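>>> requesting a structural model of the entry that follows:
(2 chains)
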Amino acid sequence: MSDKQKHIRNFSIIAHIDHGKSTLADRILEYTRTVSTREMEEQLLDNMDLERERGITIKARAVRLDYTAPDGEEYVLNLIDTPGHVDFNYEVSRSLNACDGALLVVDATQGIEAQTLANAYLAVDANLEIVPVINKIDLPSADVDRVRNEIEDVIGIVAEGCPAVSAKTGLNIGDVLDKIISDIPAPTGDPTAPLKCLIFDSYYDSYLGVVVYVRVMDGTLRAGERIRLMSNGAEFDVVEVGSMEPFGLQKRDSLSAGEVGYITASIKYVGDTRVGDTVTHAENGAAEPLPGFKAVQPMVYAGIYPADGARYGDLRDALEKLQLNDAALVFEPETSVALGFGFRCGFLGLLHMEIIEERLEREFNLDLITTAPGVIYKITMRGGEVRMIENPASYPSPDEIEEAAEPVVRASIITPTDYVGGIMELCQDKRGTFIDMKYIDTTRAELHYILPLNEIIYDFFDALKSRSRGYASLDYEFSEYVASKLVRLDFMLNGEQVDALSFIVHEEKAYPRARRIAEKLKENIPRQLFEVPIQAAIGNRIIARETVKAMRKDVLAKCYGGDITRKKKLLEKQKEGKKKMRRLGSVEVSPEAFMAVLRLDDDN
Amino acid sequence: MEKEKLGIYVHIPFCKSKCGYCDFCSHVPAKGEIDRYLNALMLHIQDFSGAAANYIVDTVYIGGGTPTLLDKKQMKLLTECIRTSFKLEKDAEFTVEANPGTVDKGYLRALLGMGINRISFGLQSASDRELRALGRIHTRDEFAESFKAARAAGFCNINVDLMYGIPYQSAESFAETLAFVKALDPEHVSVYGLKIEEGTRFYRERESLPLPDEETEYKMYRKAHSFLEAAGYKHYEISNFARPGFASRHNLRYWLDEKYLGFGVAAHSYFKNQRYAYVSDMEAYMLEMEHPQNMSAILSECSDIDVFTKETEYVMLRMRLFDGVLLHEYRNTFGKDFAKKYGEKLRRYVDGGFVKLDGVRCAFTVKGMYVSNYILSDILDF
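The predicted model follows:
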């Protein structure tokens, strides 16, 4: 180990959502005086507005801190931030692989939650030294001893003497720094060996092209050298290498084994620089890539349409811009009779989908209509052909299907024991298969279930929160495809099928869901001149029906004293409302009505 | 050269009490307020004498509010002011709205003497329970008395206003009201559907009002049509029925794109290709008339009617009439073919039996008239 490596610490912070990860990162930045309190915007690491507002980290970020320890030794600390949500599990695991240790932040009032565990396991898998940090000790209900015991009992790591801090007030942050230096191992790796850099993040910059964040595992990289991405063989000439300082990129001569930094090489697409891929030299490169790379696949699909059909082009531009920085987002054009032109988009999960929706609406000022999210079904046809179906419209007719399979996940739920009954009922109702239950302590339990992903994305999370008064936490990972009795549920208005409302559902769930959606349609479809029958159907079988009554009075009887203007204004206003309507055959439906029907919040 | 015709509307914004559904400009007058308002009104009317010099007035309509809150002397001043300021056609239609129970034979005879030849009674319902619920101050019997007094005084053109869709009303009670009115044999009947407007007492109480359901309400609308048509009244406009020759000429002028000048608070005018209205603020209106400074300051709205707007308005207004748009007249006025412009958009309404479109005219059917806003807002461009 070189002397340089001895003075480097590469670490990340992992935590359940809201346990204070970002706040702790801020305090560490402050403490190392890299950033003065005054200059600092709250939670510097999260630089998207949305992240700040939601208090979650969407994409990994990294920052280099220069720290002089109490003994006078100077260290370089590379803090690598990780996304804190199950949708981004793979990205988390890659980020962790770029580190040598992790701070595991646990809320002193809440203790271990589902994502605490999930993240801790990922860190163990990555062979990281885990340093527990108990946070929020300033709160009156903090119980440091209990949480310390929990960490030892449940995760099985030593928590004695671990820092107990308040990231909010800055109390005991020095202890955390001491632990980083003393407990987290310095990086190893041979600066003279063939180059191996692990990509853990990348983003598009309009001046620099794609900026790739890497951890150098072996070898040394300099500007001007030619590199190769080992997963796809693409080659580039390095323009610049450097480090990520709190206020921007800092050019450096080289990056060598153990260091964390960035590379620019006039790369145009973030899609070329997949997280987890290995960067090596084009000549005399490494023989084998670093282990663990996989191309991320979308798990959840939905149709996204502009509420105003004229903005289709804007939506495409916006999606293309977002994709520049988000290789996990996929989309292709789709046409719906009901909604016009739009895109079928693939996401890592529900949160990812919500984030994309919000960014489209906020940053690009678009009003969207999003169809019900669905998963990818694996359909074996009579002839033996296997089709992956992510769009209900292309779901084959039942008599062509030999076997239908749906993705299931392994879900872990941590909940106060009081709510175990209700949650088991919920999982049962969502077609879950119970695996086991462990008691974390006398008050909390961890449940394991196999659950169909399409039930999770329907409304599981909200239902879980409401049945546990917000206390239960959920983590899940894809498990496998299993055979299932699936049907496509269609809806018809005035006898005409509305493609945008179709979705695939388990046979048992079809009836209640059909009834609920038919009711919602009835509530939300404005009355027409004609009576409008609403029907829900599986194939040719009608399983639910409702009727929107014909509109009755729509007339201004009195035009008092020649007040023509009033009548005209009334009609104008009505016309405005009508312009937004989508006409489905003879039925007019407002985008709001679609949204109301497609929203999955208040039912199950 | 024949002079162009003009209508005069005068607004009297006073009532003895405010009805629960009323969102018109009216209030209970303070002591002396009527005289002051009347004075302002007459200054206003006189002021327009010059502008209207080249017109001949063929309809005058004094509406409210309750114009008959003016006593004989006040009414005389007002009507004389109108007569001296404008040239009235010899047989001009001259209407005054009257509240049943507030007018006796002597008063009515005096009105007739002032040249008022048409009286419009706001009966609304022949059920006392429904009248009370509306907040009307008269009863069925008081109305009958007033009506007979008007006949006895010599009025041979009387209108009766009715309403459907009001609290406590049923299909039966409405039919009974219609029969009651028919027996009195007025020349003209107006039948308005109650619309609950924001800012009224009914609006605040809308959740608890015992209103007939919409099916019943629609039945009443159909009943008014079939009953009154059978009784010899022509349903000539959305809410208006008349014996042959007794359609309200003043009301028609609103739909036939003819000019009118309005006087008083909240009064609307259509004159020289402009539509404008005065504010409903009494004090602002009266001050401006007493000490003229800037007339435009008391306008609540004013818009120029360009050719495009005129065409839209033409269709919107004519379609209120069961005669509808006459295709040859439309072509003569705008140089365009109506069917070419609107035929495609109208097709589904024609197919649905809401609109009739033949070689001569385009008009709503009785069923279509009831949802005319929906259809007009769809086919017209604004």
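>>> chain A contacts on the stretch 51-200 of chain B?
B:61, B:63, B:165, B:192-193, B:195 (Cβ under 8 Å from any Cβ of the partner chain). Every residue, glycine included, has its C-beta placed from N, CA and C.
>>> so who does A:V300 touch?
A:346-350, A:352-353, A:373-375, A:453, A:457 (Cβ atoms under 8 Å, 6 or more residues apart in numbering or on different chains).
>>> how does it look with 6 Å?
A:V300 makes contact with A:347, A:349, A:353, A:373, A:457, according to Cβ atoms under 6 Å, 6 or more residues apart in numbering or on different chains.
>>> look at the last one and tell me its secondary structure.
For A:I457, the assignment made with DSSP: H, G, I helix; E, B strand; the rest coil gives helix.
>>> ok, it touching A:P373?
Yes - using Cβ atoms under 6 Å, A:I457 is in contact with A:P373, at 5.1 Å.
>>> who's in contact with residue 191?
Picking chain A for this. By Cβ under 6 Å, 6+ apart, the neighbours of A:P191 are A:220, A:256-257.
>>> hmm, no, I was thinking of chain B.
Per Cβ under 6 Å, 6+ apart, neighbours of B:V191: B:162, B:224, B:239.
>>> switch the cut-off to 7 Å
Contacts for B:V191 were tallied using Cβ atoms under 7 Å, 6 or more residues apart in numbering or on different chains; they are B:162, B:164, B:224, B:239, B:241.
>>> what residues sit buried inside the lengthiest helix in chain B?
The helix that spans the most residues within chain B, counting by DSSP state H, is helix B:214-230. Judged by neighbour count using 16 or more other Cβ atoms under 10 Å in any protein chain shown, the buried positions of helix B:214-230 are B:216-221, B:223-225, B:227-228.
>>> can you give the distance from it to the centre of its chain?
Centroid separation between helix B:214-230 and its chain, computed with Cα atoms, centre = their mean, to the nearest Å, is 20 Å.
>>> could you list the domains of chain B?
B:4-255, B:307-379 (automatic domain parsing).
>>> what is the end-to-end distance of the first one?
Taking Cα to Cα, to the nearest Å as the measure, domain B:4-255 stretches 17 Å from start to finish.
>>> one more: the last one?
Taking Cα to Cα, the span from the opening residue of domain B:307-379 to its closing residue is 18 Å.
>>> show the backbone phi and psi for the closest residue to chain B within the stretch 101-250 of chain A.
Of all residues in the stretch 101-250 of chain A, A:S206 sits closest to chain B, at 42.8 Å by Cβ to the nearest Cβ. When quoted as degrees, to the nearest 10, the phi and psi of A:S206 stand at phi -70, psi -20.
>>> and for it, the neighbour number?
6 (other Cβ atoms under 10 Å in any protein chain shown).
>>> out of the domains of chain B, which is the most enclosed?
Among the domains of chain B, ranked by average contacts under mean count of other Cβ atoms under 10 Å in any protein chain shown, first place goes to domain B:4-255 (a mean of 19).
>>> which residues are in contact with stretch B:112-125?
So stretch B:112-125 is in contact with B:75-76, B:79, B:83, B:93-100, B:131, B:134, B:136, B:143, B:146-147, B:150, B:153-155, B:157-163, B:166, B:169, B:177, going by Cβ under 7 Å, 6+ apart.
>>> any idea how far that stretch is from the chain center?
13 Å.
>>> repeat that for stretch A:488-504.
29 Å.
>>> what is in contact with A:I457 and A:P373 at once?
Going by Cβ under 7 Å, 6+ apart, residues that sit against A:I457 and also against A:P373 are A:300, A:350.
>>> the closest residue to A:L598 other than its chain neighbours in helix, strand or coil?
Nearest residue to A:L598, sequence neighbours excluded (Cβ to Cβ, 6 or more residues apart in numbering or on different chains): A:A372, at 5.4 Å. Using three-state DSSP, the secondary structure recorded for A:A372 is coil.
>>> if we can go back for a sec, what is the longest helix of chain B packed up against?
strand B:158-164, helix B:171-184, strand B:188-193, strand B:234-237 (3 or more Cβ pairs under 7 Å, 6 or more residues apart in numbering or on different chains; DSSP states H and E).
>>> now these in TSV, with mean pLDDT and distance to A:A445?
Compiled in TSV, the helices and strands packed on helix B:214-230 are given as follows (pLDDT from 0 to 100; distance: least, Cβ to Cβ, whole Å):
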stretch	mean pLDDT	distance to A:A445
strand B:158-164	96	65
helix B:171-184	97	64
strand B:188-193	95	63
strand B:234-237	96	74
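>>> pLDDT at the residue in the stretch 201-350 of chain B that chain A sits nearest to, what is it?
Nearest to chain A, among the residues of the stretch 201-350 of chain B, is B:E214, at 4.1 Å (Cβ to the nearest Cβ). As predicted, B:E214 sits at a pLDDT of 88.
>>> count of neighbours near the closest residue in space to A:E403 that isn't next to it in sequence?
Spatial nearest neighbour of A:E403, chain neighbours left out: A:T380 (4.4 Å); criterion: Cβ to Cβ, 6+ apart. By other Cβ under 10 Å, the residues close to A:T380 number 15.
>>> look up how far B:H138 lies from A:T380.
A:T380 sits 81 Å away from B:H138, taking Cβ to Cβ, to the nearest Å as the criterion.
>>> now swap in A:G340 and tell me
Distance from A:G340 to B:H138, by Cβ to Cβ: 57 Å.
>>> and if you look at A:D183?
Taking Cβ to Cβ, one finds A:D183 at 94 Å from B:H138.
>>> what of B:C15?
12 Å.
>>> point out where the stretch 51-200 of chain A drops to low pLDDT.
Where the stretch 51-200 of chain A drops to pLDDT under 70, the residues are A:51-60, A:84-86.
>>> just the helices in it please.
Here the stretch 51-200 of chain A has its helices, by DSSP state H, counting those that start in this stretch, at A:89-97, A:114-125, A:144-150, A:173-183.
>>> which of the residues in the second one are buried?
It refers to helix A:114-125. With the criterion 16+ other Cβ under 10 Å, helix A:114-125 contains buried residues A:114-120, A:122-123.
>>> farthest pair in the contacts of B:V191?
B:Y164 and B:F241 (12.9 Å; Cβ to Cβ).
>>> show me which residues of the stretch 451-600 of chain A sit near chain B.
With the criterion set to Cβ under 7 Å from any Cβ of the partner chain, the stretch 451-600 of chain A comes near chain B through A:529-530, A:551-565, A:567-568, A:570-572, A:574-575, A:578, A:586.
>>> can you pull up the bridge partners for A:L221?
A:L255 (DSSP bridges).
>>> surely it is in contact with A:V241?
Yes - with contact defined as Cβ atoms under 7 Å, A:L221 reaches A:V241; the gap is 5.8 Å.
>>> what do these two both touch?
Counting by Cβ under 7 Å, 6+ apart, the residues touching both A:L221 and A:V241 are A:254-255, A:263.
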